[in-house]
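Chemist: Provided below are the primary sequence and the corresponding predicted coordinates.
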Amino acid sequence: MRILDLLCIVLAVSGAYTLRFGSNDDAALRGQITEFSYVTVSLLLIIAWWSALEYTGSRDTKFIGTGIEEYRRVTATSLWLFGAVAVFSYVFQLQTARGYVAVALPLGVLFLVTSRWVQRKALQKTRKEGLNLHRVLLIGASSSVDHLNSKLEQHIISGYKPVAAVLTDSGAIRGELPALHGLPTVELVLDAIDRSGADTVAISSGAELDPTFLRHLGWALSAREVGMIMAPALTDVSGPRIHMQPVAGLPLIHVTTPKLEGVKAFAKRIFDIAVASCILLVLAIPMAIVALLVRLDSPGPALFFQERVGKRGKPFKMIKFRSMRTDAEAQLINLQDQSEGNGVLFKMKKDPRVTRMGSWIRRFSIDELPQLFNVLNGTMSLVGPRPPLPREVALYDNFAHRRLLVKPGITGLWQVSGRSDLSWDESIRLDLYYVENWSLAQDLLILFRTAKAVFGKDGAY
């Protein structure tokens, strides 16, 4: 990673120098006292940029291959560095060529982020093959250890492979994970590490462990260079919501709930209107052609209006290109027993009500494009929970109703995580995760991932 970072920076700075000065050897940065060649400036910038990435922890193994924190640190470090260059130039009245900086910064960030993305995909591929994994010893109550074990196994690309467990109660865990029972001692944990070859210890919730024991265990693990992780009973909580504050020697974890109101709601609304308007302007003619093809393919209107439930339970008419025969709703009763959905949502991979044109536009989610008009009139958002039918809302429990706190979206976590192949509980969990952890950065990431999901085959029927 260090070598590739250096290569990216050299390419960006060299590209900026070539584009700004060409082959002029006398290009210089002139100040009041001295004169520096831009070649020297470029060398200093390369060294400073590469060192800043190291100093700010962008290569920290805790962030490599997981989440967007790695990309955020790379971008933030680059912006801070060029901000410092601007301040330095101002203080010493150095006439820095703006074209040079304007090319080097975005080019460098683009190269670095792309390089990290490629490395991340390569790392995740090796982890799926069982390589580059931390071997983890789990400690805690059986139910908590079982939950943590299943989550780590499901998300193996994070780099943690449970290899053994020490259970503080007499319960059992699923799978074939070797487990010891009893109140753990430092000697017992170290023996389990020797037997399993673990390089990391994860302590889950539910274990009534003495603070003195945890301190002594931490010392013993540090001496062996074995990592120690505390896994609290928090699920579906994203990183930006968690803040650690030391109080009287206690690491208190603060969990905040983002509220989509005020400036944030205004920013999301402006973003929705701007993006939806641009898409409609670009796709106006193709959408008109699709509407004509729908009309020619089967009798009936080109658009289909269906009642859905929006923000705070308010019903609205969702617009789609018609992909079924006009009597589709009447035929639904006779097809209920053939549903291949998740028990609540009716889905059939080969639904006889779907027209020839409808099958094609569903395949690429083209039938959902008219929902951009729902975005413009404020009943939907570009990104949000899946817009539910009234009969689905009738089955909600108290917790599922929280998904109605925000506007439904044309796309969302459900769209990029399996679509129709998701179970009902998983669909609700993803929607609640979005509501609880909303951010504009997450919306942008979901929109980016939507393109891949649309052109993929999984869950599209």
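Modeler: Good, I have the coordinates.
Chemist: so where do the helices sit in the chain?
Modeler: 2-21, 38-55, 69-91, 98-128, 142-154, 186-196, 211-223, 263-297, 328-335, 356-363, 371-376, 390-393, 424-436, 440-454 (DSSP state H).
Chemist: between these, which one is closest to Val166.
Modeler: helix 186-196 (5.6 Å; CB to CB). In short, each C-beta sits where N, CA and C put it, glycine included.
Chemist: helices or strands up against that closest one?
Modeler: strand 134-140, strand 160-167, helix 211-223 (3 or more CB pairs under 8 Å, 6 or more residues apart in numbering; DSSP states H and E).
Chemist: what's the residue lying closest to Ser359 once chain neighbours are set aside in contact with, if anything?
Modeler: Spatial nearest neighbour of Ser359, chain neighbours left out: Ser323 (7.4 Å); criterion: CB to CB, 6 or more residues apart in numbering. By CB atoms under 8 Å, 6 or more residues apart in numbering, Ser323 lies in contact with Val294, Phe304, Val354, Thr355, Met357, Gly358, Ser359, Ile361, Arg362, Asp367.
Chemist: got the buried residues for stretch 148-160?
Modeler: Applying a neighbour-count criterion of 16 or more other CB atoms under 10 Å, one finds Leu148, Asn149, Leu152, Ile157, Ser158, Gly159, Tyr160 buried in stretch 148-160.
Chemist: pretty sure the first one contacts Pro232?
Modeler: No. Counting by CB atoms under 8 Å, Leu148 stays clear of Pro232, with 10.6 Å between them.
Chemist: thinking again about what came up before, for the residue nearest to Ser359, what are phi and psi?
Modeler: Taking degrees, to the nearest 10, you get phi -120, psi 0 for the backbone angles of Ser323.
Chemist: just checking, Cys109 touches Val74?
Modeler: Quick fix: residue 109 reads Val, not Cys. Yes. With contact defined as CB under 8 Å, Val109 and Val74 form a contacting pair (7.1 Å).
Chemist: more crowded one of those two?
Modeler: Neighbour count, other CB atoms under 10 Å: between Val109 and Val74, Val74 has more, with 23 against 19.
Chemist: my read: that one touches Ser115, true?
Modeler: No. With contact defined as CB under 8 Å, Val74 and Ser115 do not form a contacting pair (9.2 Å).
Chemist: quick one: end-to-end distance for stretch 177-191.
Modeler: One end of stretch 177-191 to the other measures 16 Å (CA to CA, to the nearest Å).
Chemist: which residues touch Thr355?
Modeler: Val294, Asp297, Ser298, Arg322, Ser323, Met324, Arg325.
Chemist: please disregard the earlier target; I meant Arg72.
Modeler: No contacts exist for Arg72 under CB under 8 Å, 6+ apart.
Chemist: Val103: what's it in contact with?
Modeler: Contacts of Val103 by CB under 8 Å, 6+ apart are Gly15, Ala16, Leu19, Arg20.
Chemist: 6 Å instead?
Modeler: For Val103, the contact set (CB atoms under 6 Å, 6 or more residues apart in numbering) comprises Ala16, Leu19.
Chemist: quick check: the gap between it and Ala97.
Modeler: Applying CB to CB, to the nearest Å, the value for Val103 to Ala97 is 10 Å.
Chemist: how about Phe21?
Modeler: For Phe21, the distance to Ala97 - CB to CB - is 8 Å.
Chemist: go on, Lys314?
Modeler: 55 Å.
Chemist: again with Asp367
Modeler: Distance, Asp367 to Ala97, using CB to CB: 51 Å.
Chemist: and if you look at Gln415?
Modeler: 45 Å.
Chemist: between the two, which one's more packed in?
Modeler: More crowded of Gln415 and Ala97, by other CB under 10 Å: Gln415, with 23 against 17.
Chemist: let me see the contact set for Ala328.
Modeler: Residues near Ala328 by CB under 6 Å, 6+ apart: Arg353.
Chemist: returning to what we had before: by mean pLDDT, show me the worst of the helices of the chain.
Modeler: Set side by side, these differ in mean pLDDT, and helix 328-335 is lowest with a mean of 69.
Chemist: Leu7: neighbour count?
Modeler: Residues lying near Leu7 (other CB under 10 Å) number 13.
Chemist: that one: what's it in contact with?
Modeler: Residues near Leu7 by CB under 6 Å, 6+ apart: none.
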